[in-house]
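J.: With the input below, show me the fold.
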Amino acid sequence: NHVAEDITDHLTDSLLEDCLRTVGKIVAKKVPPPTLPKPNLILRDSSPATEEVPDAVSEVKLLISPDRISAQTVTDKTTDVVMKSMLQEAISDMLIVKNRKTAAAITS
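T.: Sure, this is the predicted structure:
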């Protein structure tokens, strides 16, 4: 009975270690979000009263590449899906081991 518990504990530890190692690799590969460069504002010769204040939102939209946003979003979503499936698989495996352990204890 102790042997089964030791094996179960060892397998659980190994599974968690593998999951954490994989998560670490994924996080290490993840590229930090790009930072926006400071926009260069063109000085105008008009008086301050007639100057238009540039719309910050439109400037940011012009500076951000749609390809970069979509590629980063796809990478983030893929990472999230992989992490969720790994977590679900790990929990499922642990529950199977626990159920087997409980069934073995009942039959003993």
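
J.: From here on, just use CA atoms for contacts and neighbour counts.
T.: Noted.

J.: State the number of residues packed around Cys19.
T.: Close neighbours of Cys19, defined as other Cα atoms under 10 Å, add up to 16.

J.: In this model Met86 seems to touch it, though I could be wrong.
T.: Yes: contact status for Cys19 versus Met86: in contact at 7.2 Å, counting by Cα atoms under 8 Å.

J.: pLDDT weak spots in this structure?
T.: 1, 30-72 (pLDDT under 70).

J.: Helices along that one, start to end?
T.: Assigned by DSSP state H, the chain shows helices spanning 2-29, 56-63, 66-107.

J.: picking that back up, so what sits against both of Cys19 and Met86?
T.: Here Cys19 and Met86 share no contacting residue, scored by Cα atoms under 8 Å, 6 or more residues apart in numbering.

J.: got the contact list for Thr8?
T.: Taking Cα under 8 Å, 6+ apart, one finds Val97 in contact with Thr8.

J.: mind checking how far it is from Ser14?
T.: To Ser14, Thr8 is 10 Å away according to Cα to Cα, to the nearest Å.

J.: joint contacts of the two?
T.: Contacts common to Thr8 and Ser14, judged by Cα under 8 Å, 6+ apart, are absent.

J.: just the CA coordinates of stretch 89-104, formatted as CSV?
T.: Only the C-alpha atoms of stretch 89-104 are listed here, as CSV (Å, rounded to 0.1, in the frame of the first residue of the first chain):
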residue,chain,number,x,y,z
GLU,A,89,-4.6,16.9,-18.7
ALA,A,90,-2.5,17.1,-15.6
ILE,A,91,-5.6,17.4,-13.4
SER,A,92,-7.3,14.6,-15.2
ASP,A,93,-4.3,12.3,-14.7
MET,A,94,-4.1,13.2,-11.0
LEU,A,95,-7.8,12.4,-10.6
ILE,A,96,-7.3,9.0,-12.3
VAL,A,97,-4.4,8.2,-10.1
LYS,A,98,-6.4,9.3,-7.0
ASN,A,99,-9.4,7.2,-8.0
ARG,A,100,-7.2,4.2,-8.6
LYS,A,101,-5.6,4.7,-5.2
THR,A,102,-9.0,5.0,-3.5
ALA,A,103,-10.3,1.9,-5.3
ALA,A,104,-7.2,-0.1,-4.3
